[in-house]
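**Q** Fold the stuff below for me.
(3 chains)
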Amino acid sequence: MRSIALIDVNNFYVSCERVFNPALEGKPVIVLSNNDGCAVARSNEAKALGIQMGTPWFQLRDLARQHGILAYSSNYPLYADMSNRVMTILSRFSPLQEIYSIDECFLELTGMPLPHSAIGQAIQKRIRQWTGLPVCAGIAATKPLAKLANHIAKKHSWFNGVCDLNAMNPAEQEEWFTRIPAGEIWGIGRKLAPRLAAIGIHTVQDLRQANPAMLRSRFGVVMEKIVLELKGVACLDLETLTEPRQQIVCSRSFGMRVSDLPSLQEAISLYVTRAAEKLRRQRSLAGSISVFLQTSPYEPKAPQYAPSLTIPLPVSTDDTNQLIHTALWGLKRIYRPEYRYQKAGVMLAELTSKAAVQQSLFSATTRMDQTESRMAALDGINRKMGKNTLRYASEGITQNWKMRSGNKSPCYTTSWKEIAVARC
DNA sequence: GCTAAATTCAGAC
DNA sequence: CTAACGGTCTGAATTTAGC
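**A** Got it, this is the predicted structure:
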């Protein structure tokens, strides 16, 4: 019997904040998305107050005041660093690991000594000891079932955070499947759940018993695979190698509405810089760059404008200078001064491996070499001396358009300067 | 009427 | 005092373009 574990950190962002600020323990805490926009992580106490995932912060303000809810701006350097620690520890429990998201991974446990719940408990204990973070483990024969097992472990405290569906007999399993709504299944979202309900499929058990061929014809292959996996038939492999991204996007909402071109130029320059850093980190080159602007869809009475322009690059590149130049050229094409922009962004696409470049017949190789050493120097200085030590003047100095981040915790694990301030 | 490319949809977290 | 609502990425399905 195949045995897959799905390990995930409970309320990940909130738990990271709590590790470094134990006073948050037992209190209703939320972490907000970029620009302090929406609640994207909630402690159990906050969930108990009825705060839904993705609720805009301004709608929560009153409730937060009433109940003393603590709201933090998101601190991605902290969460990314904690995630790396967790994933490294987990990698020692199995040779096959799929890192599925910032706080989740699958581990192949097939063939390891039983009971596998004991492995789950060992994992839980070590992650808690070595990082301070709480995790749950779900174990089952396929990935969606492991997700469900994890869901069960989280919801029912008597499992102590570890649930092995493989260790249950079929009647017990069925008991659980009958109690869980189909919408909880991995891959069944807000559109598909109502469509399934319309044909009488309400629970996991209903879906398990449905005819895969019929579901395929009505909903497509994805649904068919989900059903087969729920029956225990493996269709999805563990994806243990991470392929390089096929496109890289960097976009941000502004802290205020922006209408002037110079501010947009600064923002676009910054986003291109970030995107190009990611591009070089995965050793790719971009074949095209897109620029886009957006007015706020939440102000329906204001005139809306959401232009974008994709510019093909004659020779694929990872040179920030060249990418900024091209993006700013594109920005000028799409910019109209009469709108109040809420957001801007860039996308690098048609990415290819740097190891297999198609050189231009007409461009001299020296140009490429110059780019190479200039970018290496830029990345090297910023790696050694800290992010932003060396940056492009076109990013601007005051950056009045920058996103709001009113209550960010210090970067406890990635910045010497901020630890000194924290004194915890 | 076919294939390929582009766009949209749905999902995850 | 008022207005304030995330970001990245994937793969399938559907539509459109080009022949």
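**Q** contacting residues for the residue in the stretch 1-150 of chain A positioned nearest to DNA strand C?
**A** Closest to DNA strand C within the stretch 1-150 of chain A is A:Gly37: 2.4 Å, counting by CB to the nearest atom of the strand. All C-beta atoms are positioned from the backbone trio N, CA, C, and that covers glycine. The contact partners of A:Gly37, by CB atoms under 8 Å, 6 or more residues apart in numbering, come to A:56-57, A:253.
**Q** for stretch A:352-369, how far is the first residue from the last?
**A** By CA to CA, to the nearest Å, the extent of stretch A:352-369 from end to end equals 18 Å.
**Q** what does stretch A:159-177 give?
**A** End residues of stretch A:159-177 are separated by 16 Å (CA to CA).
**Q** could you flag which of the contacts of A:Gly37 are buried?
**A** Buried members of the contacts of A:Gly37, scored by 16 or more other CB atoms under 10 Å, are A:57, A:253.
**Q** Which residues of chain A lie near DNA strand B?
**A** A:12, A:100-104, A:147, A:185-193 (CB under 7 Å from any atom of the strand).
**Q** at 6 Å instead, please
**A** Neighbours of DNA strand B within chain A, by CB under 6 Å from any atom of the strand: A:101, A:103-104, A:186-192.
**Q** correct me, but A:Ser308 touches A:Ser288?
**A** No. With contact defined as CB atoms under 8 Å, A:Ser308 does not count as touching A:Ser288 (11.9 Å).
**Q** List the contacts of A:Met214.
**A** Going by CB under 8 Å, 6+ apart, the list of residues near A:Met214 is empty.
**Q** Roughly how far does it sit from A:Ile201?
**A** 11 Å (CB to CB, to the nearest Å).
**Q** rewinding a little: among the residues of chain A next to DNA strand B, which are within reach of DNA strand C?
**A** Answer for the residues of chain A next to DNA strand B near DNA strand C: none qualify (CB under 6 Å from any atom of the strand).
**Q** what about stretch A:94-111, how long is it end to end?
**A** OK, stretch A:94-111 end separation, CA to CA: 11 Å.
**Q** Just the buried residues of that stretch, please?
**A** A:94, A:97-100, A:102-109.
**Q** Out of those, list just those in strands.
**A** Counting by DSSP state E, the buried residues of stretch A:94-111 place A:97-100, A:104-108 in strands.
**Q** Adding pLDDT, write those residues out as CSV.
**A** CSV is the format used below for these (pLDDT from 0 to 100):
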residue, pLDDT
A:Gln97, 94
A:Glu98, 93
A:Ile99, 93
A:Tyr100, 92
A:Glu104, 94
A:Cys105, 94
A:Phe106, 95
A:Leu107, 96
A:Glu108, 95
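**Q** Farthest pair within those?
**A** A:Glu104 and A:Glu108 (14.8 Å; CB to CB).
**Q** if we can go back for a sec, next step: the residues of chain A next to DNA strand B restricted to strands.
**A** Checking these against DSSP E, those in strands are A:101, A:104.
**Q** Which of the residues of chain A next to DNA strand B fall in helices?
**A** A:Leu192 (DSSP state H).
**Q** All the strands of the stretch 51-200 of chain A, residue numbers only.
**A** For the stretch 51-200 of chain A, applying DSSP state E, counting those that start in this stretch gives strands covering A:70-72, A:97-101, A:104-108, A:135-140, A:162-164.
**Q** Turn these into CSV, including distance to A:His116.
**A** Rendered in CSV, the data for the strands of the stretch 51-200 of chain A read as follows (distance: least, CB to CB, whole Å):
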stretch, distance to A:His116
strand A:70-72, 35
strand A:97-101, 15
strand A:104-108, 10
strand A:135-140, 5
strand A:162-164, 5
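**Q** Okay, and A:Arg208 sits in which element?
**A** helix A:204-209 (DSSP states H and E).
**Q** on contacts alone, who are the packing partners of that helix?
**A** Packing contacts for helix A:204-209, counted by 3 or more CB pairs under 8 Å, 6 or more residues apart in numbering; DSSP states H and E, involve helix A:170-179, helix A:221-230.
**Q** Would you mind finding the most buried of these?
**A** Across the helices and strands packed on helix A:204-209, averaging neighbours per residue (mean count of other CB atoms under 10 Å) puts helix A:221-230 on top, at a mean of 20.
**Q** how far does that helix sit from the chain's center?
**A** In this view, helix A:221-230 has its centroid 24 Å away from the chain centroid, taken as CA atoms, centre = their mean, to the nearest Å.
**Q** likewise stretch A:38-46?
**A** Distance, centroid of stretch A:38-46 to centroid of chain: 16 Å (CA atoms, centre = their mean).
**Q** okay, how far is it across that stretch, tip to tip?
**A** Termini of stretch A:38-46 sit 14 Å apart (CA to CA).
**Q** do the same with stretch A:248-267
**A** 16 Å.
**Q** residues making contact with it?
**A** A:34-35, A:37, A:271-272, A:274-275, A:278-279, A:286, A:292-293, A:296, A:328, A:331-332, A:335, A:337-349, A:351, A:394-396, A:399-404.
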